[in-house]
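>>> Need coordinates for the below:
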Amino acid sequence: MSASRHDTDAALRGDNRRMVGKLVVIAALMFGFGYALVPMYRAICTALGINVLSVAERKVPGNAPASGNSQVDTSRIVTVEFDANVRGPWEFKPAQRSVDVHPGELTTVMYEFRNVQNRTMAAQAIPSYAPRQAMAHFNKLECFCFNEYTLAPGESKRWPVVFVIDPKLPKDVRTITLSYTFFEVGGKTPPEPST
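Modelled structure (predicted):
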């Protein structure tokens, strides 16, 4: 039995050594494959033209890098006029009446609001656009019209409107009017002024 057992133990040790050898080879191949993924990824993306994640790596010596947003249409200027309407006893107005922008250019304008009442109020603004076709091309990234606000008596606020006009705006549209109507939420809304 001892010779047979010795042969069995020797065979197991041989099998174990072969298994460890195979595992070492597999681990080395896995490490090599992981290490090679980055250059393979670059080569595949470059060949397919989808290398959008490494645009900075494509710099060619002698070429100056493009600065700014390449989506800005500097050949056009659109005048954006700002209007403010209120339904109640408070003050609400844009900090500036108009601004000239290039389509695709990020722009920020401020609106000013003051609660002149002797009570706390909750209010919200609703936007409208003229001409109507401009609405689809006027993209607000930040706007006080997204939220409802509560203001204490006499409290003043300044709120930004951050927007971009889509370069796909029809070429015949040269002026856009952005108008806000500010009204009290859940309170007594005064009747429309009679004209």
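>>> separation between the residue most central in space within the chain and E184?
Taking CA atoms, centre = their mean, the centroid of the chain lies closest to L141, which sits 7.2 Å from it. According to CB to CB, to the nearest Å, L141 and E184 sit 27 Å apart. For every residue, glycine as well, the C-beta is placed using N, CA and C.
>>> and what of A28?
72 Å.
>>> between these two, which one's more packed in?
E184 (19 against 10; other CB atoms under 10 Å).
>>> Now do the contacts for the more buried one.
E184 is in contact with 87-88, 121-123, counting by CB atoms under 8 Å, 6 or more residues apart in numbering.
>>> and if we set it to 7 Å?
88, 121-123 (CB atoms under 7 Å, 6 or more residues apart in numbering).
>>> Then A130?
Contacts of A130 by CB under 7 Å, 6+ apart are T177.
>>> so what's it bridging to?
Beta-bridge pairing of A130, defined through DSSP bridges, involves T177.
>>> ok, now W159?
Under the criterion used (DSSP bridges), W159 bridges to Y111.
>>> So for it, what's the pLDDT?
Note for W159: predicted pLDDT of 88.
>>> Just to check, it is in contact with F146?
No. Checked against CB atoms under 7 Å, the pair W159 and F146 is beyond contact range at 10.1 Å.
>>> So between those two, which is more surrounded?
Legend: neighbour count by other CB under 10 Å for W159 and F146, higher for W159 (18 against 9).
>>> ok, the more buried one to V24 distance?
65 Å.
>>> cool, and H137?
For H137, the distance to V24 - CB to CB - is 62 Å.
>>> Compare the two and say which is more crowded by neighbours.
Using other CB under 10 Å, the more surrounded residue of H137 and V24 is H137, with 18 against 10.
>>> Kindly list the main-chain dihedrals of the more buried one?
phi -110, psi 0 (degrees, to the nearest 10).
>>> Quick check: bridge partners of V101?
Counting by DSSP bridges, the residues bridging with V101 are V78.
>>> so how many other residues sit close to it?
Going by other CB under 10 Å, the residues that sit close to V101 add up to 19.
>>> Cross-check the contact I'm expecting between it and R76.
No. The pair V101 / R76 is not scored as a contact, 9.4 Å apart, by CB under 7 Å.
>>> And whichever strand or helix holds F113, what does it pack against?
Using DSSP states H and E, F113 sits within strand 107-115. Contacts defined by 3 or more CB pairs under 7 Å, 6 or more residues apart in numbering; DSSP states H and E place strand 107-115 against strand 90-94, strand 98-101, strand 156-165.
>>> As a markdown table, the ones you listed with distance to G32 would be great.
Converted to a markdown table, the helices and strands packed on strand 107-115 look like this (distance: least, CB to CB, whole Å):
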| stretch | distance to G32 |
| --- | --- |
| strand 90-94 | 63 |
| strand 98-101 | 53 |
| strand 156-165 | 47 |
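>>> which one of those has the lowest average pLDDT?
Averaging pLDDT over each of the helices and strands packed on strand 107-115 puts strand 90-94 lowest, since it has a mean of 87.
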